[in-house]
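Colleague: here you go, sequence then predicted model.
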Amino acid sequence: MIIENTIKDLSSILYVINDAAIKYKGVIPDDCWHEPYMLEEELVNEFDSGVRMFGYNKNNKLVGVMGIQELKDVTLIRHAYTLTNYQGMGIGKSLLQYLFKLNKSSYLLVGTWQDAAWAIQFYEKFGFIRHTKKQTAQLLNKYWEISSKQIENSVVLEKHTPL
């Protein structure tokens with residue numbers, strides 16, 4: 001079951017994000033990795049900046065999350081994570097398809113780490129196309145607030161959707 005999460009679900013959302021993000025340890029640059037991967041203050045800031053978080057619940061337990069943020073002329077897919085023990089079970093697919101239905105833009109963007117091959121392949125499976133390094137940097141600077149080190153090590157994928 002997928003429901004919209006709110007700020008009151010902060011600790012559950014953070015648990016999912018920080019559990020799933022362990023997969024990035026040793027894959028992304030060491031100076032971009034920290035534990036926990038996301039702090040409570042960061043997630044609060046995401047809610048405050050208009051990110052809407054949706055959660056996949058299984059047996060009354062939050063096991064996957066994915067956010068959506070409408071900005072200017074695009075919609076960003078944000079913070080897509082599934083608990084380690086639930087990965088590969090279609091939870092990310094269900095969340096992404098749910099967000100496709102909510103989407104009010106014909107232009108979807110998602111950013112991820114360039115060395116997170118599993119994440120890139122996941123989005124490509126759903127029709128997202130990877131941008132060049134130059135386009136990625138331009139898009140990350142325009143729509144995200146991240147460090148230059150993260151920009152150097154990230155990729156942006158896009159999907160056009162009919163409205």
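Modeller: Cool, the structure landed.
Colleague: for the least confident helix or strand in the chain by mean pLDDT, buried residues please.
Modeller: The weakest-scoring helix or strand in the chain, judged by mean pLDDT, DSSP states H and E, is helix 148-152 (a mean of 91). Neighbour counts using 16 or more other Cβ atoms under 10 Å place 150-151 of helix 148-152 among the buried residues. Where C-beta positions appear, they are placed from N, C-alpha and C, glycine not excepted.
Colleague: what helices or strands is that helix leaning on?
Modeller: helix 133-143 (3 or more Cβ pairs under 8 Å, 6 or more residues apart in numbering; DSSP states H and E).
Colleague: show the average pLDDT along the helix it packs on.
Modeller: With pLDDT averaged residue by residue, helix 133-143 scores 94.
Colleague: any weak-confidence spans in the chain?
Modeller: Applying pLDDT under 70 to the chain flags residues 163.
Colleague: next helix or strand past the least confident helix or strand of the chain?
Modeller: Next along the chain after helix 148-152, taking DSSP states H and E as the criterion, comes strand 154-160.
Colleague: all helices for this protein, in order.
Modeller: Ranges of helices within the chain are 10-20, 40-48, 91-102, 117-125, 133-143, 148-152, based on DSSP state H.
Colleague: what are the contacting residues of the second one?
Modeller: Residues from elsewhere that reach helix 40-48 (Cβ atoms under 8 Å, 6 or more residues apart in numbering): 6-7, 10-11, 13-14, 17, 53, 67, 69, 78-79.
Colleague: ok now that helix, how far from the chain's centre?
Modeller: How far helix 40-48 lies from its chain's middle: 14 Å, per Cα atoms, centre = their mean, to the nearest Å.
Colleague: what comes up buried for the strand ranked longest in the chain?
Modeller: Of all the elements of type strand in the chain, the one with the most residues (DSSP state E) is strand 61-71. Neighbour-count burial for strand 61-71, counted by 16+ other Cβ under 10 Å, picks out 62-69.
Colleague: between these, which is nearest residue 123?
Modeller: Within those, distances to residue 123 taken as Cβ to Cβ reach their minimum at residue 66, with 11.5 Å.
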